[in-house]
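A.B. asks: Predicted model and sequence follow; I will ask about them next.
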Amino acid sequence: MAKIYFEDSIKNLNDLKPKEETVNFLLNYSKALSVINYSEMKFEALLN
């Protein structure tokens, strides 16, 4: 069962073709995201 699922997953990876708009959105989001470490806590800030 796991082998069949794994093979299907590999076949589907080749079919992934995201829109340019989606890729640009993710890249811009990652550029604006800032993670601040304070003591043992992490704060995420979206610099937008």
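C.D. replies: Ah, there it is.
A.B. asks: just the strands in the protein please.
C.D. replies: Using DSSP state E, the strands of the chain run over residues 33-38, 41-46.
A.B. asks: what does the last one rub up against?
C.D. replies: In other words, strand 41-46. By Cβ atoms under 8 Å, 6 or more residues apart in numbering, the residues outside strand 41-46 that reach it are 29, 32-36. Just so you know, the C-beta spots here come from the backbone N, C-alpha and C atoms, and that holds for glycine as well.
A.B. asks: Name the strands paired with that strand and say parallel or antiparallel.
C.D. replies: strand 33-38 (antiparallel) (DSSP bridges).
A.B. asks: Alpha carbons of the partner strand, in CSV - could you do that?
C.D. replies: Output of strand 33-38 as CSV, limited to C-alpha atoms (Å, rounded to 0.1, in the frame of the first residue of the first chain):
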residue,chain,number,x,y,z
LEU,A,33,8.4,37.8,6.7
SER,A,34,10.7,38.5,9.6
VAL,A,35,11.3,36.1,12.5
ILE,A,36,12.5,37.6,15.7
ASN,A,37,14.0,35.4,18.4
TYR,A,38,13.7,36.7,21.9
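A.B. asks: got a list of contacts for it?
C.D. replies: In this structure, residues lying in contact with strand 33-38 by Cβ under 8 Å, 6+ apart are 42-47.
A.B. asks: now, the most widely separated pair of the residues you listed?
C.D. replies: The largest separation in these, counting by Cβ to Cβ, is between Lys42 and Leu47 at 15.5 Å.
A.B. asks: neighbours of Leu46, just the number please.
C.D. replies: Neighbour count of Leu46, defined by other Cβ atoms under 10 Å: 8.
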